[in-house]
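Participant: missing the sequence, but the structure's below:
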Ligand code: SF4
């Protein structure tokens with residue numbers, strides 16, 4: 001299987017329908033080579049590949065956000081996985097975290113299907129958009145502070161390009177901190193909140209509300225730290241909060 005790394009792959013179908021600002025942003029993200037350590041790492045993974053994916057033409061570039069450009073809900077992870085987003089070229093696609101996340105999003109009505117396997121699988125998000133705080137896969141899933149800082153402007157810009165955004169769901173502590181930094185940068189004043197699973201924070205100055213959740217990685221789902229029931233509970237609360245708006249659309 002190939003991923004087709006040509007320029008026609010710059011925008012996903014939902015984004016290309018909306019055009020303009022997100023498309024332009026996504027072109028710049030995909031072309032970025034700012035962090036030497038991450039560029040080397042993402043490309044090396046693409047060359048070496050995992051044996052079970054040896055027929056894949058790995059994406060091995062930065063990943064963009066994906067979903068409904070008119071979304072009220074933004075879902076934020078830390079960074080693409082080595083053989084997930086870095087292989088498939090779409091955030092939360094092709095790995096165990098994606099499987100757990102998408103089953104939940106589908107059950108809560110935010111996705112048209114319960115799976116996220118590859119870029120041409122027909123997935124569409126409904127009133128939701130997902131992205132990552134850092135766009136390139138980091139060694140050990142740990143970006144440096146400087147790498148997080150350098151990638152933040154893309155995240156700020158992507159938030160600003162979602163005109164109907166009211167609520168952000170941060171998956172994991174680092175994504176939660178990135179959301180606080182992005183919101184601080186956007187508002188020009190430091191915003192603070194404490195991470196907690198399912199804890200909802202209203203934010204000042206017209207910023208979106210911020211909700212935390214444990215990340216749906218195997219490290220959390222296999223140990224029982226994050227159960228399906230607990231995750232669905234957070235998503236259903238989000239759905240109920242956003243439902244009146246969904247029904248008006
Ligand atoms: S992590 Fe962000 S800033 Fe660094 S190379 Fe990737 S896209 Fe560019």
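Facilitator: Received, thanks. Keep in mind that this is a model prediction, so the values were computed, not measured.
Participant: Helices along the chain, start to end?
Facilitator: For the chain, helices defined by DSSP state H occupy the ranges 13-18, 20-30, 36-48, 85-88, 96-107, 145-160, 173-187, 218-221, 228-248.
Participant: Just put those helices in TSV and tack on mean neighbour count and mean pLDDT.
Facilitator: All C-beta spots, glycine's among them, are computed from the backbone N, C-alpha and C. Output for the helices of the chain, formatted as TSV (neighbours: other Cβ atoms under 10 Å; pLDDT from 0 to 100):
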stretch	mean neighbour count	mean pLDDT
helix 13-18	15	55
helix 20-30	17	94
helix 36-48	16	98
helix 85-88	27	98
helix 96-107	21	98
helix 145-160	17	96
helix 173-187	20	95
helix 218-221	17	95
helix 228-248	15	84
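Participant: check contacts around the residue nearest to residue 155 when sequence neighbours are not counted.
Facilitator: Sequence neighbours aside, residue 182 is the residue nearest to residue 155 in space, at 5.0 Å (criterion: Cβ to Cβ, 6 or more residues apart in numbering). Listed by Cβ atoms under 8 Å, 6 or more residues apart in numbering, the contact partners of residue 182 are 133, 152, 155, 156, 159.
Participant: so can I have JSON lines of the residues you listed showing distance to the ligand?
Facilitator: As requested, these are exported to JSON lines (distance: Cβ to the nearest ligand atom, whole Å):
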{"residue": "133", "distance to the ligand": "9"}
{"residue": "152", "distance to the ligand": "9"}
{"residue": "155", "distance to the ligand": "9"}
{"residue": "156", "distance to the ligand": "12"}
{"residue": "159", "distance to the ligand": "15"}
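Participant: what does this structure put close to the ligand?
Facilitator: Listed as neighbours of the ligand in the chain under the rule Cβ under 6 Å from any ligand atom: 29, 32-35, 38-39, 62, 134-136, 147, 150-151.
Participant: Apply 8 Å and report the result again.
Facilitator: Residues of the chain lying near the ligand by Cβ under 8 Å from any ligand atom: 29, 32-35, 38-39, 42, 62, 79, 134-136, 138, 143, 147, 150-151, 154.
Participant: one step back: do you know how far the residue nearest to residue 155 is from residue 96?
Facilitator: Per Cβ to Cβ, to the nearest Å, residue 182 is found 27 Å from residue 96.
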